[in-house]
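1. 3D model of this:
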Amino acid sequence: MKVLHLLDTLNRGGAETLALDVCRNAARFGIDLTFAASGGGDLEEEFENSGADFIRLERSMPLDLDLVWKLRRLIQENQIEIVQGYQPVEALHLYLATIGLKDVYCVMSHQGYIDGRNNRLTARLLSPLMDANIVVGRGLFRWLRETIGLDTSKNFYLVYNGVDKERLTHNGGGAVRDEFDFDDSTLLLGMVANFWRGHRKDQMTICRALPVVFEKFEDARFMFVGKIAEGGEDYFEECVEYCDQKGIGEKVFFTGARDDVADILDSLDLFVFSSLHEGLPIAVIEAMLARVPVIVSDIEPLLEATKKGECAEVFPAQDAAGLAEKIIKLLKDESARKKSADAAYEFAAKNFTIDAHLKGLASLYTNFLMKHENRERAAKVRIISDSSAESSEEE
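-> I've put the predicted structure just below:
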């Protein structure tokens with residue numbers, strides 16, 4: 001099956017990481033993937049070397065008709081059968097590019113939080129026009145229906161996000177600890193998430209919890225790993241200033257984006273994820289597959305990712321005191337950390353691998369192609385039947 005995926009940027013983030021894992025593994029599931037990007041980013045070289053046919057395009061405006069034309073030509077020249085966008089802006093350009101093209105199926109993937117009025121409006125307008133809408137977690141169904149106003153009862157399908165375990169092969173967390181001058185006795189905590197506008201990852205709740213944690217564990221340290229996204233600059237500065245004002249700035253490290261997440265996860269004693277909005281977060285799945293004990297906020301998608309909290313400690317979202325209590329509880333009990341990490345690994349390995357994700361995609365795509373074959377077969381039967389009827393009339 002010939003498939004085209006389109007992504008707007010190639011910066012480090014959950015959707016980009018998922019797309020890269022898909023590119024690297026699609027061929028094993030019978031998906032002949034062409035991957036197009038309408039913007040660049042830190043991961044561009046990795047996409048070029050991913051094994052999928054990679055094409056770099058440019059989008060110069062919110063609705064770029066030149067991009068639509070290039071996509072249409074790409075679809076026709078490569079005999080693409082299925083197109084998929086990871087966000088509303090990508091799905092819009094793909095939909096316009098496929099208008100009038102016979103038997104090209106259009107898919108929009110809903111990865112999680114939809115930011116901005118225009119993006120939400122686009123999602124509402126496009127979702128009924130898609131051949132399929134992919135939702136990456138059950139909890140996201142409710143949010144899309146109740147917050148965005150999408151009718152998820154029609155043409156919506158669940159395909160869980162997945163992570164390539166091979167990508168989590170690491171060189172050892174010792175290098176990370178050496179880089180930041182942490183010794184073996186340091187209890188290292190961390191979160192992998194970008195700083196977005198709207199505070200949706202809620203790193204500030206972690207910052208507010210840390211003074212209490214550091215009082216109990218003087219040798220504890222925390223690493224925030226992730227870039228400052230456009231619009232998130234003020235929020236990032238707010239978090240940094242808070243830590244400095246509370247006298248914990250020397251124990252909290254804001255590393256920016258990193259390309260050695262596997263090594264960072266291997267260095268951690270505890271992974272904390274405080275998000276307020278998610279689909280099914282790649283960062284949490286990575287931590288679970290790396291056998292790092294996890295603490296998450298109690299939003300529905302994170303409960304879903306951790307088997308209703310059975311594979312993690314859970315705290316009420318935005319409750320710094322509750323988070324501090326959970327962190328202290330796990331830091332005091334190494335055996336509890338190991339038990340939690342093992343349970344998380346088993347659950348993630350069963351449900352959230354890239355193989356499971358691609359099996360879901362391949363199944364959905366195959367259903368499209370089977371419908372096409374059945375229509376062609378029915379059309380041939382009608383032609384034969386009509387011809388037979390004409391012959392009978394002539395006789």
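2. so Met223 makes contact with Ala193?
-> No - taking contacts as CB atoms under 8 Å, Met223 lies outside contact range of Ala193: 11.4 Å. Glycine gets a C-beta too; all of them are placed from N, C-alpha and C.
3. neighbour-wise, which of those two wins?
-> Ranked by neighbour count (other CB atoms under 10 Å), Met223 and Ala193 place Ala193 first, with 24 against 21.
4. now the more buried one: phi and psi?
-> phi -170, psi 140 (degrees, to the nearest 10).
5. can you report phi and psi for the residue lying closest to it once chain neighbours are set aside?
-> Of all residues not flanking Ala193 in the chain, Lys201 sits nearest, at 4.2 Å (CB to CB, 6 or more residues apart in numbering). Torsion angles at Lys201 (phi, psi; degrees, to the nearest 10) stand at phi -90, psi -20.
6. can you count the residues close to Lys201?
-> 29.
7. pretty sure it contacts Ser275?
-> Yes - between Lys201 and Ser275 a contact is recorded at 5.1 Å, counting by CB under 8 Å.
8. what's the overlap in contacts for these two?
-> Common neighbours of Lys201 and Ser275 are listed as Ala193 (criterion: CB atoms under 8 Å, 6 or more residues apart in numbering).
9. how about the contacts made by Glu230?
-> Arg197.
10. which helix or strand contains it?
-> Assessed by DSSP states H and E, Glu230 sits outside every helix and strand.
11. how far away is it from Asp115?
-> Distance of Glu230 to Asp115, computed by CB to CB, to the nearest Å: 11 Å.
12. hey, what's in contact with both of those two?
-> Taking CB under 8 Å, 6+ apart as the criterion, Glu230 and Asp115 both touch Arg197.
13. which residues in the stretch 251-395 of the chain form helices?
-> Here the stretch 251-395 of the chain has its helices, by DSSP state H, counting those that start in this stretch, at 261-267, 282-289, 300-305, 320-331, 334-351, 354-394.
14. from the chain's centroid, how far away is the shortest one?
-> Offset of helix 300-305 from its chain centre (CA atoms, centre = their mean, to the nearest Å): 14 Å.
15. give me the mean pLDDT for that helix.
-> When pLDDT is averaged along helix 300-305, the result is 96.
16. what packs against it?
-> Judged by 3 or more CB pairs under 8 Å, 6 or more residues apart in numbering; DSSP states H and E, helix 300-305 is in contact with helix 138-143, helix 282-289, strand 294-297.
17. what's in contact with that helix?
-> So helix 300-305 is contacted by 112, 137-140, 142-143, 273, 275, 278-281, 284-285, 288, 296, 309, 312, 314, 352 (CB under 8 Å, 6+ apart).
18. make it 7 Å
-> Applying CB atoms under 7 Å, 6 or more residues apart in numbering, the external contacts of helix 300-305 come out as 137-140, 142, 273, 275, 278-281, 284-285, 296, 309, 314.
19. hang on, the earlier thing: ok, which of the helices and strands packed on helix 300-305 comes nearest Gly30?
-> Of all these, it is helix 282-289 that lies closest to Gly30, at 23.9 Å by CB to CB.
20. what is the orientation angle of that closest one with helix 334-351?
-> With axes from the mean of the first three to the mean of the last three CA atoms, to 10 degrees applied, the angle from helix 282-289 to helix 334-351 works out at 110 degrees.
21. show me how far helix 282-289 is from its chain's centre.
-> Worked out by CA atoms, centre = their mean, helix 282-289 lies 11 Å from the chain centre.
22. of all the helices and strands packed on helix 300-305, which lies closest to Glu48?
-> With CB to CB as the yardstick, what comes closest out of those is helix 282-289 (20.9 Å).
23. rounded mean pLDDT for the closest one, please.
-> For helix 282-289, the per-residue pLDDT averages 97.
24. list the helices and strands it packs on?
-> Contacts defined by 3 or more CB pairs under 7 Å, 6 or more residues apart in numbering; DSSP states H and E place helix 282-289 against helix 14-25, helix 261-267, strand 270-273, strand 294-297, helix 300-305, helix 334-351.
25. other SSEs contacting the third one?
-> What it means is strand 270-273. When contacts are defined as 3+ CB pairs under 7 Å, 6+ apart, strand 270-273 sits against strand 187-192, helix 282-289, strand 294-297, helix 320-331.
26. using a markdown table, lay out the ones you listed together with mean neighbour count.
-> Output for these, formatted as a markdown table (neighbours: other CB atoms under 10 Å):
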| stretch | mean neighbour count |
| --- | --- |
| strand 187-192 | 23 |
| helix 282-289 | 28 |
| strand 294-297 | 26 |
| helix 320-331 | 19 |
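27. out of the ones you listed, nearest to Leu71?
-> Nearest to Leu71 among these is helix 282-289; the distance by CB to CB comes to 26.0 Å.
28. quick one, that closest one and strand 187-192 angle?
-> Computed by the same axes, to 10 degrees, the angle between helix 282-289 and strand 187-192 is 140 degrees.
29. re the thing from before, what would the helices and strands packed on helix 300-305 look like in TSV with distance to Lys165?
-> Formatted as TSV, these follow (distance: least, CB to CB, whole Å):
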stretch	distance to Lys165
helix 138-143	23
helix 282-289	6
strand 294-297	16
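30. in which helix or strand would I find Leu63?
-> Residue-wise, Leu63 maps onto no helix or strand under DSSP H and E.
31. wait, I meant Cys207
-> Using DSSP H and E, Cys207 falls within helix 203-216.
32. counting by contacts, list what that helix packs against.
-> strand 220-225, helix 233-245, helix 320-331.
33. looking at these, which is closest to Asn119?
-> helix 233-245 (19.5 Å).
34. rounded mean pLDDT for the closest one, please.
-> When pLDDT is averaged over helix 233-245, the result is 97.
35. what's around Leu211, how many residues?
-> Leu isn't right for residue 211; it's Pro. 16.
36. for Ser363, that is, sorry about that
-> Neighbours of Ser363 under the rule other CB under 10 Å: 12.
37. and the pLDDT at it?
-> Ser363 is assigned 95 on the pLDDT scale.
38. likewise for Gly172?
-> For Gly172, pLDDT reads 69.
39. so which of the helices and strands packed on helix 282-289 gets nearest Ala37?
-> Closest to Ala37 of the helices and strands packed on helix 282-289, according to CB to CB: helix 14-25, at 9.0 Å.
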